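[1] just the structure for this:
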Amino acid sequence: MGDFFQIISKPIYSIFNYFGQRGYSIVNYFKSKSLIEKEKDLLEIKNAFLVERLAQENDCQFEKEALAEFLNVDNPEHGWQTIMGRISYANPAQDWAMINRGYRDGVRMNQPVINSRHILIGRINKVDEKKSEIALLSHIDSVIKVKNINENTAIGFIKGSGGGRIGLESDLSQPFKLGDDLTTDIFKDEYPANLLIGRIVKIKKNDLRSSLQASVIPFLKIQELSTVFVLIDF
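    Just a heads-up that it's a prediction; the model follows:
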């Protein structure tokens, strides 16, 4: 209160000068605060841009490495035509994944999808203009003729059981054992031969059907995959 009486006891121009200085300081404060906030926003935008660019460069590097690995894999098959794509979303629990390639890129229904090491991932199940859906090996509509990679003998068909599970059934004349590794066998030209599939991890005998049944673990997990190759001709 004493300060107030001191102020009003001064000449009028001094009072205006006092409040003018205070007002000028307040205006400058808000201006400075606004500039700081704008600079902060610009820095955040710049950082977001740099992070996105770095991610794109990393994706590009991953794609280059995957392509180089794909071309260097020792496989007797030649003349494949492929489209390289990236998985944009995966739902292993429901046995499907989405890629960023569609019919405008040449993707069509039922084309096989593999990774850079020629491991079979599944088959194209749905196609839109810019994206496609892969039905994974464990999809209930998946049926693939397979053979033993070591003995190169046909042993039956693997079938998707849903929920990431794959089963194998064969008659007793075509036995298999724990640890056998499986690849595709030629059947109706649906897949090229020798695409890697998975390993037998459990076997049981079905006496009623006189057959052997097994559980198969795929060689790769879709969650660990980013780059894929769609086989458009083989």
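
[2] contacts only, for Pro192.
    By Cβ atoms under 8 Å, 6 or more residues apart in numbering, the residues touching Pro192 are 77, 80, 112, 184, 186, 231, 234. C-betas here are computed from N, CA, C, even on glycine.

[3] out of those, which sit inside strands?
    Counting by DSSP state E, the contacts of Pro192 place 112, 184, 231 in strands.

[4] that older thread, for the contacts of Pro192, which PyMOL command selects only the ones that are buried?
    For the buried members of these, the matching PyMOL selection, counting by 16 or more other Cβ atoms under 10 Å, is:
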select buried, resi 80+112+184+231+234
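
[5] mind listing the helices for this structure?
    For the chain, the helices defined by DSSP state H cover 2-8, 12-72.

[6] if we can go back for a sec, how about the ones in strands among the contacts of Pro192 in JSON lines, adding pLDDT and distance to Asp95?
    JSON lines is the format used below for the ones in strands among the contacts of Pro192 (pLDDT from 0 to 100; distance: Cβ to Cβ, whole Å):
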{"residue": "Pro112", "pLDDT": "96", "distance to Asp95": "16"}
{"residue": "Thr184", "pLDDT": "94", "distance to Asp95": "18"}
{"residue": "Leu231", "pLDDT": "95", "distance to Asp95": "20"}
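
[7] got these as CSV, with distance to Ala97 columns?
    Output for these, formatted as CSV (distance: Cβ to Cβ, whole Å):
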residue, distance to Ala97
Pro112, 14
Thr184, 19
Leu231, 16
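
[8] and Val146, how far from Ile158?
    If you measure Val146 against Ile158 using Cβ to Cβ, to the nearest Å, the figure is 5 Å.

[9] identify the contacts common to those two.
    Going by Cβ under 8 Å, 6+ apart, residues that sit against Val146 and also against Ile158 are 168, 182, 197.

[10] can you count the residues close to Ile222?
    Residue crowding around Ile222 was assessed by other Cβ atoms under 10 Å; the count is 22.

[11] so that it lines up with my notes, have the first residue be 32 from now on.
    Okay, using 32 as the starting number, the last item reads as Ile253.

[12] any buried residues in stretch 179-198, and which?
    Here stretch 179-198 shows 179, 186-192, 195, 197 as buried, counting by 16+ other Cβ under 10 Å.
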